[in-house]
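Peer 1: this one's structure only:
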């Protein structure tokens, strides 16, 4: 079933796949993020209760949702690496980790900026905020563990185990608003019945979520390319690539 | 099969009891932390009663972080861990025996002293019982997670803070449920649901954590 995937275990194939995908995803992310943000910030109706302050939702919600999805993507990469012993999967894992950490930070920061006018406090020790903070620590843990080893092969495996152990936190974050009665509001989009948000407000949000996802994917691909080049610098194909680039620059 | 478990178990206990000073360290640390709190926040009985369970839990976690090094570090440094792994015996049992010994050495004293701490921090009887039960179910989970974290970082020379960072994701849900169990007990409600959740986490960890630890140790031995 996953046989088509196996060809990308070779770093060279993964590199060229990244090269092919990046322009598409960069275009999607730019298009969606610009449309969604402009629509959301300028044209969507303002909230009857929160006024214009609610507009931070167009950054906050995509970042918060995707911080979890990014973690899952990282954990899947780790699992693939541990099960099939792919070096490329570990490279993908460590390429994704800092991007995820940045997105989590954005979610926390915009959340704090939103919390100040609405709840009157920058930070509340609420279940969802705390577990999101833990998610940031998890990303940091994976990165720190990876950096602690000199042997990057070993580092990838160790950080992979760490990433998989941390998966327990993802459902805790997602269901924290249901399990505990907290200040943070419940899910508005990801529920089975009708979304609890007006359609004119919903569209820019959805567009921004797509844009943000494509953006994270693009950045991760760029980082994966860098990682591959750095780790495989002694391989003939990388040296060939470098030489052809040099030749191009001289022309 | 079981002789391996008992062999490693007895060896680890014997080693621990030969270093009595090290054995008492986490306990002493725990006592110091708990003494400092009433001084820091003021000795009002109401405050102490409210923050007590949290203080005891956090202090227990900090004390366990202190004693975590003992789990694999020495055996790794003198090479006996490598010999054990090369012996061909099932590693799951070996790791489980070491974790069990670690739990007994690290946490049984804490559990035995919990009634004393509960009195010091002005806990009612039902709260003390709930606290004791949550510690009884929760501390083995701490030991199991410590094993994974230590297994991952045992080969890292400047590990330092890493293990505690790695243990965080599991500590948070554990703390939430443990303190909410004691809170329910304080209000006279049933606290079995929270204990059941902690028990479930413990059982899942009991099944999976030794496997992860074995893998982590194999990675570290390279």
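Peer 2: Yep, that arrived. None of these values were measured; they are calculated from a predicted model.
Peer 1: which stretches of the chain have low pLDDT?
Peer 2: If you meant another chain, say so; for now it's chain A. Low-confidence segments of chain A (pLDDT under 70): A:1-2, A:48-49, A:177-198, A:251.
Peer 1: wait, chain B
Peer 2: B:1, B:158-159.
Peer 1: Get me the contact residues on it for chain A.
Peer 2: Residues of chain B lying close to chain A (C-beta under 8 Å from any C-beta of the partner chain) are B:145, B:148, B:152-153, B:155-156, B:158-159, B:162, B:165-166, B:168-170, B:172-173, B:176, B:212, B:215-216, B:219-220, B:222. Quick note: C-beta positions are derived from backbone N, CA and C, even for glycine.
Peer 1: Please, a PyMOL command that selects the buried ones among those residues?
Peer 2: In PyMOL, this line selects whichever of these come out buried by 16 or more other C-beta atoms under 10 Å in any protein chain shown:
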select buried, chain B and resi 145+148+152+153+155+156+159+162+165+166+168+169+170+172+173+176+212+215+216+219+220
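Peer 1: now, which of the residues of chain B next to chain A lie within helices?
Peer 2: With helices taken from DSSP state H, the overlap with the residues of chain B next to chain A comprises B:145, B:148, B:152-153, B:162, B:165-166, B:168-170, B:172-173, B:176, B:212, B:215-216, B:219-220.
Peer 1: my guess is residue A:79 contacts residue A:164, does it?
Peer 2: Yes: assessed by C-beta atoms under 8 Å, residue A:79 is found in contact with residue A:164 at 6.3 Å.
Peer 1: And the helix or strand hosting residue A:144, what's buried?
Peer 2: Using DSSP states H and E, residue A:144 sits in helix A:127-148. Buried residues in helix A:127-148, counted by 16+ other C-beta under 10 Å: A:127-146, A:148.
Peer 1: what does stretch A:222-239 give?
Peer 2: Applying a neighbour-count criterion of 16+ other C-beta under 10 Å, one finds A:223-225, A:227-228, A:231-232, A:238 buried in stretch A:222-239.
Peer 1: just stretch A:69-81 next, same as before
Peer 2: For stretch A:69-81, by 16+ other C-beta under 10 Å, it's A:69-71, A:73-81.
Peer 1: Indicate whether it makes contact with chain B.
Peer 2: No: using C-beta under 8 Å from any C-beta, we find that stretch A:69-81 stays clear of chain B, coming within 10.6 Å at best.
Peer 1: Can you get me the centre-to-centre distance for that stretch and its chain?
Peer 2: Chain-centre distance of stretch A:69-81: 11 Å, with C-alpha atoms, centre = their mean, to the nearest Å.
Peer 1: ok, and what's touching it?
Peer 2: Here stretch A:69-81 makes contact (C-beta atoms under 8 Å, 6 or more residues apart in numbering or on different chains) with A:86-90, A:92-93, A:96-97, A:99-100, A:103, A:135, A:138-139, A:142, A:156-157, A:159-161, A:163-164, A:166-167, A:170, A:213, A:216, A:220.
Peer 1: which of the residues in the host helix or strand of residue B:110 are buried?
Peer 2: Counting by DSSP H and E, the element that carries residue B:110 is helix B:91-120. Across helix B:91-120, burial judged by 16+ other C-beta under 10 Å covers B:91, B:93-103, B:105-107, B:109-110, B:113-114, B:117-118, B:120.
Peer 1: helices or strands up against that helix?
Peer 2: Other elements packing on helix B:91-120 under the criterion 3 or more C-beta pairs under 8 Å, 6 or more residues apart in numbering or on different chains; DSSP states H and E are helix B:2-18, helix B:20-41, helix B:45-67, helix B:80-86, helix B:125-153, helix B:192-220.
Peer 1: Next, the angle from it to helix B:125-153.
Peer 2: With axes from the mean of the first three to the mean of the last three C-alpha atoms, to 10 degrees defining the directions, helix B:91-120 sits at 140 degrees from helix B:125-153.
Peer 1: Would you mind getting the angle between helix B:91-120 and helix B:192-220?
Peer 2: Using the same axes, to 10 degrees: helix B:91-120 against helix B:192-220 is 140 degrees.
Peer 1: so helix B:91-120 versus helix B:45-67, what angle?
Peer 2: Going by the same axes, to 10 degrees, helix B:91-120 makes 150 degrees with helix B:45-67.
Peer 1: Which residue of chain B lies farthest from its centroid?
Peer 2: Here the centre of chain B is the reference, and by C-alpha atoms, centre = their mean the most remote residue is residue B:44, at 29.7 Å.
Peer 1: What about that one? Give its phi and psi, please.
Peer 2: phi -60, psi 130 (degrees, to the nearest 10).
Peer 1: For stretch B:143-150, which residues meet the burial criterion?
Peer 2: Neighbour-count burial for stretch B:143-150 flags B:143-150 (criterion: 16+ other C-beta under 10 Å).
Peer 1: so how far is that stretch from its chain's centroid?
Peer 2: Here the centre of stretch B:143-150 is set off from its chain's centre by 9 Å, with C-alpha atoms, centre = their mean.
Peer 1: Now tell me what touches it from outside.
Peer 2: Under C-beta under 8 Å, 6+ apart, the answer for stretch B:143-150 is A:161, A:165, B:64-65, B:68-69, B:71-73, B:95, B:98-99, B:102-103, B:106-107, B:162-164, B:166-167, B:170-171, B:202, B:205-206, B:209-210, B:212-213, B:216.
Peer 1: give me every residue that touches residue B:25.
Peer 2: When contacts are counted by C-beta under 8 Å, 6+ apart, residue B:25 touches B:66-67.
Peer 1: quick one: it and chain A, what's the gap?
Peer 2: Here the criterion is C-beta to the nearest C-beta, to the nearest Å. By it, residue B:25 lies 25 Å from chain A.
Peer 1: same question, residue B:10
Peer 2: Using C-beta to the nearest C-beta, residue B:10 is found at 29 Å from chain A.
Peer 1: What is the burial count for that residue?
Peer 2: 12 (other C-beta atoms under 10 Å in any protein chain shown).
Peer 1: The nearest residue to residue B:139 once chain neighbours are set aside and chain A, how far apart?
Peer 2: Excluding the flanking residues, the one nearest residue B:139 by C-beta to C-beta, 6 or more residues apart in numbering or on different chains is residue B:107, at 4.1 Å. As defined by C-beta to the nearest C-beta, residue B:107 lies at a distance of 21 Å from chain A.
Peer 1: residues touching residue B:107, list them.
Peer 2: Per C-beta under 8 Å, 6+ apart, neighbours of residue B:107: B:60, B:64, B:135, B:139-140, B:142-143.
Peer 1: Over to residue B:173?
Peer 2: Contacts of residue B:173 (C-beta under 8 Å, 6+ apart): A:168-169, A:172, B:201.
Peer 1: Widest-spaced pair of the residues you listed?
Peer 2: Farthest-apart pair in those is A:169 and B:201; separation 12.2 Å (C-beta to C-beta).
Peer 1: out of the two, which sits in the more crowded spot?
Peer 2: Just comparing residue A:169 and residue B:201: by other C-beta under 10 Å the higher neighbour count belongs to residue A:169, 23 against 20.
Peer 1: Secondary structure element holding the more buried one?
Peer 2: helix A:169-179.
Peer 1: cool, and residue B:180?
Peer 2: Following DSSP H and E, one finds residue B:180 within helix B:162-186.
Peer 1: How much space separates the residue nearest to residue B:119 when sequence neighbours are not counted from residue B:176?
Peer 2: Distances taken as C-beta to C-beta, 6+ apart put residue B:128 closest to residue B:119, at 7.9 Å, once the chain neighbours are dropped. Residue B:128 sits 20 Å away from residue B:176, going by C-beta to C-beta, to the nearest Å.
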